[in-house]
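> The following comprises the amino acid sequence and a computationally predicted model.
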Amino acid sequence: MKRDPLAVLARLRGAEVMAARRRIAEEAMFHQAAEESARAAASALVEEGRHSGDYAAWLPRGMALRDAAAAETERAALRVSDAGAALAAARAAERAVESLAEKRAEEVRRALMRAEQRALDEAGARRAQPQPRSPEA
């Protein structure tokens, strides 16, 4: 049995969409974790200031941690955005294949209807023709 290349392509596009959805979910989790880390680093600056007598010595390290966490949050947000764009592209490709499959199915349906109509027309034409009588009658 011959494989339908369009069906194979549709399965491939579906797999790409699922992979893109997984990627966006993973990136969203990483972004959420980065935001929590940034909040914790900012909170640590406040808490250390309340409880530490040597805040001036700790402040540069705390600010570096906070800034690194904020930078990671920005990078994570960009990765989420990139994953969203990849999902949109994969979904658009999937819809294009679906549209092509629908057009092909419609063409097949029309061809079958034309063949059926042609068969009916031929049967009607044969019926309308006078039948030759046998000489014995």
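Perfect, I can see it now. Residues are numbered from 1 along each chain as shown.
> Could you list every helix and strand in contact with the longest helix seen in the chain?
Looking across the chain with DSSP state H, the single longest helix is helix 55-128. Applying 3 or more Cβ pairs under 8 Å, 6 or more residues apart in numbering; DSSP states H and E, one finds that helix 55-128 makes contact with helix 5-51. The C-beta positions use only the backbone N, C-alpha and C, and glycine is treated the same way.
> picking up where we left off before, how far off centre is the longest helix of the chain?
From the chain centre to the centre of helix 55-128 is a distance of 4 Å (Cα atoms, centre = their mean, to the nearest Å).
> and it, what's its mean pLDDT?
Average pLDDT, helix 55-128: 93.
> how big is the angle separating it from helix 5-51?
Using axes from the mean of the first three to the mean of the last three Cα atoms, to 10 degrees, the inter-axis angle of helix 55-128 relative to helix 5-51 is 160 degrees.
> show me the contacts for E35.
T73, A76 (Cβ atoms under 8 Å, 6 or more residues apart in numbering).
> actually A77, sorry about that
H31.
> Tell me the spacing between it and E35.
For A77, the distance to E35 equals 9 Å [Cβ to Cβ, to the nearest Å].
> How much space separates the residue nearest to A101 when sequence neighbours are not counted from A105?
Among residues not flanking A101 along the chain, L6 sits closest, at 5.5 Å (Cβ to Cβ, 6 or more residues apart in numbering). Noted for L6: a distance of 10 Å to A105, by Cβ to Cβ.
> Comparing the two, which residue is more hemmed in?
L6 (14 against 11; other Cβ atoms under 10 Å).
> From K103, how far out is the more buried one?
10 Å.
> I figured G62 hits A41, correct?
Yes: shown here, G62 and A41 form a contact pair, counting by Cβ atoms under 8 Å, at 7.3 Å.
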